[in-house]
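Chemist: Coordinates for the following, if possible.
(chains A and B)
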Amino acid sequence: MTPDNKTPQVITTEEGDATLNTVSQRRKLLSALPALVATSIPALALGVQNQAELHARTQEIMHRVHNNGFPDVIVATHKGEYVNFYQDLLKDRLVLINFMSIDAEEELPITANMASLIKGLGEQFGQEVFAFSISYDHVNDTPQRLAEFARQFDAPDGWYFLSAKPEDVVALGYRLYRTSGRPRDRMHADLIHYGNTNLGLWGTVPAQVTDVELAISRITSVFPGKPVEGKVRRAGPRRLATSGPVYDSRDRYGLV
Amino acid sequence: MKRRDLLKMGLAGTMSAAATSVYSRANFPQNGLVFPDGFTPSHVGRPSPPVTPFKDPLFRMPVAKPVPEEQLNHPLSPDPMAHQRYDELHPQKYYIEHIKEFKWQYHSDPPYNQGSWSWGFTNGVGGQATTPGPTYHAKYGEPILLRRFNDLPHVGAGNVPFALPSTSIHLHNAHTASESDGIPTNFFNPGEFWDYHYGNFPAGFDYQHEIMSTLWYHDHRLDFTAPNVYAGLSGFYLLFDDLDSNNEKDDNPNAFRLPSGEYDIPLILHDVQFDQNGQVVFDFFTNRPPEPVIGDFPPGSDPIDNPGYQSESPLHRNYKGSPNFTVFGMLGDRITVNRTIQPHLKVERRKYRFRILNGGPSRLYRLSLRVNGRNGDNHPGCKFYVLTNDGNMLEYPLEKQSFDLWVANRVDVVVDFSAFKPGDEVYLVNRLEMREDGAGPSGRELDEGDLIMRFDVGHRKAKDPSQIPDYMRPLPPINLSEARVKRNWVFDYDNGLWTVNGRLFNPNRIDAKIEKGSAEIWTIRNGGSSWAHPVHTHFEEFRILEVNGKPVKPGDFLNSRKDIVELGPNTEVTFFGRWRDFEGIHVMHCHNVVHEDHEMMIQWQIVPPGMGDGEEIEHDT
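Modeler: Numbers count the residues shown, from 1 in each chain, chains lettered A, B, ... in the order given. Predicted structure coming up:
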């Protein structure tokens, strides 16, 4: 049994917010929400749910999973919008994703690391690049609390703090890094996913960012490339005893 | 003791069986991190299109052809000052490879006959790229310089969406300086090349004990090793010397005269998953149109039938989108040999040497032979004369009915097809069942097994000048008093990622400083009770002292030079190793490359004597 089977609080949409309008225009999903929220979850477990109805609803969700295998669950943003995680937030974007809860920040201060990466991404962020911090603590991390938390980090537009029904958070965590198949008190992960959702090209970096430049180079490696122009160049090895990072022999200033 | 002596004592089979069954007897607990009942891995829910098995012939990789040295002058000659010991180990042969994207035919049945977008290597400057890439035939005492160009399309322009067109090619497990080793951070991007200098000399210049035989090369790019290798970036690199001379008719009385030439065949196993168009799919969000889902609710997952089920979400109860979970492992439902699905090989009735390599990404195998169906299991021909462990010659061949092949393990075997009748069909079979998430063995054996490939025994008795030597190579001595320090490494899982000593890979952190020319004792422990890690450390082979406190004995398969620790659940392995000849950074990591990409890796650095760290060993003198 889930520890908590409350449905998410209904949040008033802040229609005036430009970012939210963009999201809203991409897909209006508020109409789909009541059907999901209204179902009594314990009723499912007790077998009261009609299988055909359940199946139809599942198929509807699956249908919306445009991108192979990504649960397109409904999430609440810290600005009070309900959106579809894949269709509205991820699709055709360059993204960072992490799992967190405000109460677990002491143990895993992942949000500060996210903030340093987002800062490191510079002007690209909010244009082509977006970040999603998914809270698994849906009881405590209400959109209002997440909004306050976001302000502490001066979260720029394009960085979303999300909450969702426990089982939908589980579905996302389950997909991204594998957790057990039920909500738990402790579900944050020491990793930050980076991806190019248009291609389906994904990697991870550890949550503890000790070298922002290196982490950014990993993240931007999945960004769209440019055709090779000019002569080929030698990437390495560079001359022994010439300066460079300790961790590689690449020649960043190499002759052609 | 030689093989024949062991045979007289009737021990060979027993001892070798014991050596492989360290893991097989373990009972792998299934609690904690198993899939919810409703999960259907895509290789079950959305299997690859079927094929006619054993229809297509085995692909035989071309032998790499050297090029004239002048061809490396443009655009820039190799830089002698960029490589350790370059002048001392001056290249005698030069090679060029281009890494390219192309369509590879995994099978001739539709839809595979349309070709599957893949990555691979050319042999030389022009010509078709293949996967696996060309097989290098290198000789001890003949250093080479290999220049690799990255000709892959840039991100977004190619047809292999899940892999990163940035490569670092590791020569596993050559005795190679850091700058030529292909560590994860030494990558080169489209429009760039890298010069690899392979000294082809034994560790410590010890020609008696440190000669290696079967190596392989594969991509090792930071964060993307698994998808890049899976996309096709792997191949063989074979080393020969006066004894293992690649000549079964060698006049040298000391030569092994193992099956050679067309009878010496490298076999690399990769399990691959395909979509309905015959294109290769990797786990994770690959941007392809949704495919039909087979069945509404997998058995046992229906909420009405299974009220005790823990999760109420219809979404993840019925969630079939993903083949696997990237951080755990990637399993495919088509086992390929040299990138052909279930091939056949016409063999003569004589001895063959097969160099069998598990190229990953995550599947582990238990291999055996079977003739003409199930009843042939006890056929006298269904056995292997095992020559190597991790591609390094044993003291003497071991006769085995089956052996385990973990990711990156190389086992050279001789199979004698003269024991079979003309027209016999002999299958290479896998009996090891994996967890559905790919993180380790399930703990069960497959009854029927997967038929990996078929050998079709010819009608004529063929000439066979080859031999199986009684004795091959002495093992390097273990002198515990040489060991300077002890280190412990615990491989575990924490907070969504795979850890070593509780930490994630950090290229800016050196996890161990090892003094050049010194020996150390390392203990590798699995902190998990339900997953497995083929742990690989680069650069030099080691010798395992004990597994779970049980010493390795003469005649054991593990009594060998190794570069992989087969770290089963709850397993602890201690080895003795040396680090010689070069300085610089190398890595140790899990060779379930999905685990590696999710940070199960450390860096060690060889430093000048007196600069090392670690827990000093008090030697009684």
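Chemist: so where is the chain shaky, pLDDT-wise?
Modeler: You didn't say which chain, so I picked chain A. A:1-70, A:167, A:174, A:178-188, A:254-256 (pLDDT under 70).
Chemist: The intended chain is chain B.
Modeler: B:1-46, B:283-326, B:374-377, B:495-496, B:621.
Chemist: Report the central residue of it.
Modeler: B:Ala408 (1.7 Å; Cα atoms, centre = their mean).
Chemist: gap between it and chain A?
Modeler: 21 Å (Cβ to the nearest Cβ, to the nearest Å). Every residue, glycine included, has its C-beta placed from N, CA and C.
Chemist: The residue nearest to B:Val429 when sequence neighbours are not counted: neighbour count?
Modeler: Excluding the flanking residues, the one nearest B:Val429 by Cβ to Cβ, 6 or more residues apart in numbering or on different chains is B:Gly449, at 4.2 Å. By other Cβ atoms under 10 Å in any protein chain shown, the residues close to B:Gly449 number 20.
Chemist: ok, the helix or strand hosting B:Gly449: who's next to it in the sheet?
Modeler: In this structure, B:Gly449 is located in strand B:441-461 according to DSSP states H and E. Applying DSSP bridges, strand B:441-461 is found paired with strand B:344-349 (parallel), strand B:425-434 (antiparallel).
Chemist: And the first one, how far out from the chain middle?
Modeler: Mean-position distance between strand B:344-349 and its chain equals 24 Å (Cα atoms, centre = their mean, to the nearest Å).
Chemist: What lies in contact with it?
Modeler: Strand B:344-349 is contacted by residues B:54-58, B:265, B:417-418, B:420, B:422, B:426, B:453-458, B:460-462 when judged by Cβ atoms under 8 Å, 6 or more residues apart in numbering or on different chains.
Chemist: And the longest one, by the same measure?
Modeler: Under the criterion Cβ under 8 Å, 6+ apart, residues B:329, B:331, B:335, B:337, B:347, B:362-372, B:381-382, B:402, B:404, B:415, B:417, B:420, B:440-446, B:449-457 lie in contact with strand B:425-434.
Chemist: Tell me what the residue lying closest to B:Leu258 once chain neighbours are set aside is bridged to.
Modeler: Leaving aside its chain neighbours, B:Leu258 sits nearest to B:Arg353 (5.2 Å; criterion: Cβ to Cβ, 6+ apart). Bridge pairing for B:Arg353 (DSSP bridges) gives the partners B:Asp264, B:Val414.
Chemist: Quick check: phi and psi at B:Glu70.
Modeler: phi -60, psi -30 (degrees, to the nearest 10).
Chemist: Sorry, wrong one. I was asking about B:Glu482.
Modeler: According to degrees, to the nearest 10, B:Glu482 has phi -80, psi -20.
Chemist: Distance of it relative to B:Ser245?
Modeler: To B:Ser245, B:Glu482 is 32 Å away according to Cβ to Cβ, to the nearest Å.
Chemist: Show me which of these two is the more surrounded one.
Modeler: B:Ser245 (19 against 16).
Chemist: didn't B:Gln273 look like it was pressed against B:Ile335?
Modeler: No. If you go by Cβ atoms under 8 Å, B:Gln273 and B:Ile335 don't touch, sitting 11.0 Å apart.
Chemist: So which of these two has more stuff around it?
Modeler: More crowded of B:Gln273 and B:Ile335, by other Cβ under 10 Å: B:Gln273, with 23 against 19.
Chemist: in which helix or strand would I find that one?
Modeler: Short version, using DSSP H and E: B:Gln273 is in strand B:264-274.
Chemist: For that strand, name the packing helices and strands.
Modeler: With contacts taken as 3 or more Cβ pairs under 8 Å, 6 or more residues apart in numbering or on different chains; DSSP states H and E, strand B:264-274 sits against strand B:234-240, strand B:280-281, strand B:334-337, strand B:351-358.
Chemist: for the ones you listed, which one sits closest to B:Lys103?
Modeler: strand B:280-281 (10.9 Å; Cβ to Cβ).
Chemist: Which residues outside stretch B:244-260 are in contact with it?
Modeler: Contacts of stretch B:244-260 (Cβ under 8 Å, 6+ apart): B:137, B:211, B:213, B:238, B:240, B:242-243, B:261, B:263-264, B:350-353, B:387, B:393, B:414, B:464-469, B:472.
Chemist: Going through those residues, which ones are buried?
Modeler: The neighbour-count test (16 or more other Cβ atoms under 10 Å in any protein chain shown) marks B:211, B:213, B:238, B:240, B:243, B:263-264, B:350-353, B:387, B:393, B:414, B:464, B:466, B:468-469, B:472 as buried among these.
Chemist: quick one: B:Gly381 from chain A, how far?
Modeler: From B:Gly381 over to chain A (counting by Cβ to the nearest Cβ), the distance is 43 Å.
Chemist: any idea how far the residue nearest to that residue when sequence neighbours are not counted is from chain A?
Modeler: Distance criterion Cβ to Cβ, 6+ apart; nearest residue to B:Gly381, sequence neighbours excluded, is B:Ala419 at 3.1 Å. Here B:Ala419 is placed at a distance of 46 Å from chain A (Cβ to the nearest Cβ).
Chemist: Ok, B:Gly359 next?
Modeler: 21 Å.
Chemist: Assess the claim that that residue and B:Gly235 are in contact.
Modeler: No. Shown here, B:Gly359 and B:Gly235 do not form a contact pair, counting by Cβ under 8 Å, at 9.4 Å.
Chemist: Pull up the overlap in contacts between these two.
Modeler: Common neighbours of B:Gly359 and B:Gly235 (Cβ under 8 Å, 6+ apart) are B:Pro132, B:Trp216, B:His218, B:Ile268.
Chemist: Helix, strand, or coil at the residue in the stretch 51-200 of chain B that chain A sits nearest to?
Modeler: Residue of the stretch 51-200 of chain B nearest chain A, by Cβ to the nearest Cβ: B:His154 (2.9 Å). Of the three states, B:His154 takes coil according to DSSP: H, G, I helix; E, B strand; the rest coil.
Chemist: Could you give the number of residues near the residue lying closest to it once chain neighbours are set aside?
Modeler: Nearest residue to B:His154, sequence neighbours excluded (Cβ to Cβ, 6+ apart): A:Gly225, at 2.9 Å. Neighbourhood size, A:Gly225 [other Cβ under 10 Å]: 19.
Chemist: Kindly confirm my reading that A:Gly225 is in a helix.
Modeler: No. If the criterion is three-state DSSP, then A:Gly225 is coil and not within a helix.
Chemist: Which residues are in contact with it?
Modeler: B:His154, B:Val155, B:Gly156, B:Ala157, B:Pro165, B:Pro190.
Chemist: residue ranges for the helices of the stretch 1-150 of chain A, please.
Modeler: For the stretch 1-150 of chain A, the helices defined by DSSP state H, counting those that start in this stretch occupy A:18-26, A:33-38, A:41-45, A:51-64, A:110-121, A:143-152.
Chemist: Now find how far off-centre stretch B:138-157 is within its chain.
Modeler: Using Cα atoms, centre = their mean, the offset of stretch B:138-157 from its chain centre is 19 Å.
Chemist: Put the alpha carbons of that stretch into CSV.
Modeler: Written as CSV, here are the backbone C-alpha positions of stretch B:138-157 (Å, rounded to 0.1, in the frame of the first residue of the first chain):
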residue,chain,number,x,y,z
ALA,B,138,50.4,-7.9,-33.8
LYS,B,139,53.8,-9.4,-32.8
TYR,B,140,55.8,-9.0,-29.7
GLY,B,141,58.8,-6.9,-30.4
GLU,B,142,56.9,-5.0,-33.2
PRO,B,143,55.5,-1.8,-31.8
ILE,B,144,52.8,-0.1,-33.9
LEU,B,145,51.3,3.3,-34.4
LEU,B,146,47.6,3.3,-35.1
ARG,B,147,45.9,6.5,-36.1
ARG,B,148,42.1,6.6,-35.7
PHE,B,149,39.9,9.2,-37.3
ASN,B,150,36.5,10.0,-36.1
ASP,B,151,34.4,10.3,-39.2
LEU,B,152,31.1,9.9,-37.4
PRO,B,153,28.3,12.4,-38.2
HIS,B,154,27.9,15.1,-35.6
VAL,B,155,25.2,14.9,-32.9
GLY,B,156,21.8,15.1,-34.7
ALA,B,157,23.1,14.2,-38.1
